[in-house]
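Colleague: how would this look folded up:
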Amino acid sequence: EKDAPGKGGHIRRLVLTTLHNLRIYADTSSLELFINDGEAVMTGAIYPPADATGLHIAADDSASVVIYPLH
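Modeller: Numbering: from 1, shown residues only. Okay, the predicted model is just below:
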């Protein structure tokens with residue numbers, strides 16, 4: 001189901017007037033989202049399957065994505 005969270009997860013929603021930028025930090029067990037230069041921040045633990053190899057991001061409008069590796 002579209003709104004069903006992953007195993008052990010929760011759905012988090014945020015209403016924004018405008019989305020200027022979204023910065024996502026992800027590792028094997030957590031996600032951190034910084035919306036509009038920190039206007040809103042979300043952090044969550046994630047529990048992907050052991051064979052997971054990526055992250056899927058979808059947008060309603062055109063968007064550009066830049067990926068920076070974590071060191």
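
Colleague: ok, residue 12 to residue 42 distance?
Modeller: The spacing between residue 12 and residue 42, counted by Cβ to Cβ, to the nearest Å, is 6 Å. Every C-beta, even on glycine, is put in place using the N, C-alpha and C of the backbone.

Colleague: just residue 68 next, same as before
Modeller: Taken as Cβ to Cβ, the span from residue 68 to residue 42 is 19 Å.

Colleague: For the two, indicate the residue with more neighbours.
Modeller: More crowded of residue 68 and residue 42, by other Cβ atoms under 10 Å: residue 42, with 13 against 7.

Colleague: That one is in contact with residue 24, isn't it?
Modeller: No - contact criterion Cβ atoms under 8 Å: residue 42 and residue 24 do not qualify, at 9.7 Å.

Colleague: which neighbours do the two share?
Modeller: 31, 32, 33 (Cβ atoms under 8 Å, 6 or more residues apart in numbering).

Colleague: Weed out the non-buried ones from the residues you listed.
Modeller: Buried subset of those (neighbour count, 16 or more other Cβ atoms under 10 Å): residue 33.
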